[in-house]
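1. Structure for this input, please:
(one chain, ligands or ions: 1)
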Amino acid sequence: MNIKELIDGMDLSHLEKLKFDLESENSLTKQLIEKRMERLRSDGFKVCAVCGQDMRDVPMGFTLIFGPDDFKKQAHFCALDCLEYFQKKLKAMAAGEEENEAQQEHE
Ligand SMILES: [Zn+2]
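-> Numbering: from 1, shown residues only. Got it, this is the predicted structure:
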């Protein structure tokens, strides 16, 4: 549906309200449109966590859900290569943390 169709489908009282609102300084319509856009952007725009590829261009991607139950994080990957790379990085990070802990014990 385009904007003309949307407007053509409205009756006079709705159009009057809409026009009045659009002309007001704090247009509720504009706020609603901005909120909706923000929402759609955060929902729909996903990129590969490794290479930044737009996931909408990827026919079959992967999603990894990780972290504690109350703070689940999601990461998207365009290909197995990227998923593997991410896993290696996580492993290296985990190993690094263990090393730090071990060092602290020695001190
Ligand atoms: Zn990727």
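
2. CA only for contacts and neighbour counts going forward, please
-> Will do.

3. Just the pLDDT for Asp54.
-> As predicted, Asp54 sits at a pLDDT of 88.

4. right, and it touches Lys46 too?
-> Yes: between Asp54 and Lys46 a contact is recorded at 6.2 Å, counting by C-alpha atoms under 8 Å.

5. correct me, but Cys82 touches Val50?
-> Yes: judged on C-alpha under 8 Å, Cys82 makes contact with Val50 at a distance of 5.8 Å.

6. Enumerate the residues of the chain near the ion.
-> Contact residues, the chain versus the ion (C-alpha under 5 Å from the ion): 48, 51, 78, 82.

7. contacting residues around the nearest residue to the second one once chain neighbours are set aside?
-> Same thing as Cys51. Excluding its sequence neighbours, the residue lying closest to Cys51 (C-alpha to C-alpha, 6 or more residues apart in numbering) is Cys82, at 7.2 Å. If you count contacts by C-alpha atoms under 8 Å, 6 or more residues apart in numbering, Cys82 has them with 48-51.

8. before we move on, back to that, of the residues of the chain next to the ion, just say which sits nearest to Lys89.
-> Among the residues of the chain next to the ion, Cys82 lies closest to Lys89 (C-alpha to C-alpha), at 10.6 Å.

9. For Pro68, see how far away the closest one is.
-> Computed as C-alpha to C-alpha, to the nearest Å, the Cys82 to Pro68 distance reads 23 Å.

10. Check Thr29 too.
-> From Thr29 across to Pro68, the span is 39 Å (C-alpha to C-alpha).

11. Looking at the two, which is more packed in?
-> Using other C-alpha atoms under 10 Å as the criterion, Thr29 and Pro68 rank with Thr29 on top: 14 against 8.
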